[in-house]
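Enquirer: Please find the sequence and the predicted model below.
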Amino acid sequence: MYRSLDRRVHPRFKGDPTLKSNNYIKQTFKIASFHKRIKETRNDYLNKVASFLTRNFSAICMENLDIKEMQQKKGIAKAENDLAFFELEKKIKFKSDLFKHTFVLADRYYPSSKRCVKCGSIREDLSLKDRVYRCPSCGFEIDRDFNAACNLFKYMKKKIGWGTSKFTPIELDKLVNDCIKNKIIYYFQTIGNVQYNDNKLLNHGLKAKVLSAY
Ligand SMILES: [Zn+2]
């Protein structure tokens, strides 16, 4: 759309007497409305995720990520700008206050990804490519993000003194149905022996990937 805008007649440099053509002005309106649409889509998604989390969980722990440092990394900076991490944090904080739920923000330099959840040793050479965390000192293997989540859970337990990660099957059913209703997850995992292979999910055109992960 910007390329198309550039092809329209408009002043090319400072002091250029050319006027902006009607087609140029029309195209700027198109671009503005498209930007608005992206903003609204993102806002809608963030609101859905935040309210889903705060509805279903009485305590939430989040990482305080160093976004400025992350934006300097090549390849993911653009995608990360699009995610609006801080906006999500703000929304979750606000909504958990509404439900009177606990919100914990982990320290900025708390090594959630680098720490082994089993033995607590820290692996300094962990890069973004390592999707599976392999502990060099105890040999423990676990999904990278799940490891970080477990570490944050431990952090929260230490901070507020309580917390549980166990669901009864009925609660889990409710949780997954809530997810499907709001269309916020496309992939999910089964916990224990409970499997979810809902037809509703397939009707929505979503891809269901059922794993027995842990
Ligand atoms: Zn370990």
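Expert: Nice, I can see it. Every value quoted in this text rests on a predicted model; they were computed, and no experiment measured them.
Enquirer: Next, count neighbours for Ile92.
Expert: For Ile92, the count of nearby residues is 22 (other CB atoms under 10 Å). In short, each C-beta sits where N, CA and C put it, glycine included.
Enquirer: In contact with it, which residues are there?
Expert: 50, 53-54, 60, 62, 103 (CB atoms under 8 Å, 6 or more residues apart in numbering).
Enquirer: where do the helices sit along this structure?
Expert: Ranges of helices within the chain are 2-7, 22-56, 67-71, 77-83, 85-98, 144-160, 169-182, 199-203, based on DSSP state H.
Enquirer: any residues touching the fourth one, and which ones?
Expert: Under the contact criterion CB under 8 Å, 6+ apart, helix 77-83 has outside partners 42, 67, 70-71.
Enquirer: average pLDDT for that helix?
Expert: For helix 77-83, mean pLDDT is 74.
Enquirer: Now do that helix: distance to the chain's middle.
Expert: Between the centre of helix 77-83 and the centre of its chain there are 11 Å (CA atoms, centre = their mean, to the nearest Å).
Enquirer: In CSV, could you pull the C-alpha coordinates for it?
Expert: C-alpha atoms of helix 77-83 as CSV (Å, rounded to 0.1, in the frame of the first residue of the first chain):
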residue,chain,number,x,y,z
ALA,A,77,12.3,-7.7,16.5
LYS,A,78,9.6,-7.0,14.0
ALA,A,79,7.4,-9.8,15.2
GLU,A,80,7.9,-8.7,18.8
ASN,A,81,6.9,-5.2,18.1
ASP,A,82,3.7,-6.5,16.7
LEU,A,83,2.9,-8.5,19.9
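Enquirer: Present the helices of the chain as a markdown table; the columns should include distance to Pro136.
Expert: Output for the helices of the chain, formatted as a markdown table (distance: least, CB to CB, whole Å):
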| stretch | distance to Pro136 |
| --- | --- |
| helix 2-7 | 48 |
| helix 22-56 | 33 |
| helix 67-71 | 24 |
| helix 77-83 | 28 |
| helix 85-98 | 29 |
| helix 144-160 | 14 |
| helix 169-182 | 34 |
| helix 199-203 | 39 |
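Enquirer: and of those, who's closest to the ion?
Expert: Nearest to the ion among the helices of the chain is helix 144-160 (9.8 Å), distances taken as CB to the ion.
Enquirer: about what we covered before: now tabulate the contacts of helix 77-83 in CSV and tack on pLDDT, neighbour count and distance to Ile142.
Expert: Output for those, formatted as CSV (pLDDT from 0 to 100; neighbours: other CB atoms under 10 Å; distance: CB to CB, whole Å):
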residue, pLDDT, neighbour count, distance to Ile142
Arg42, 89, 15, 31
Ile67, 72, 14, 26
Met70, 71, 14, 22
Gln71, 72, 12, 28
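Enquirer: tell me the domain ranges of the protein?
Expert: Structural domains annotated on the chain: 110-162, 166-214, as defined by automatic domain parsing.
Enquirer: just flag whichever of the ones you listed has the lowest average confidence.
Expert: domain 166-214 - the lowest mean pLDDT of the domains of the chain, at a mean of 53.
Enquirer: Dump the contacts of helix 77-83 into a markdown table; add distance to Cys179 as well.
Expert: Shown next, in a markdown table, are the contacts of helix 77-83 (distance: CB to CB, whole Å):
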| residue | distance to Cys179 |
| --- | --- |
| Arg42 | 19 |
| Ile67 | 27 |
| Met70 | 27 |
| Gln71 | 30 |
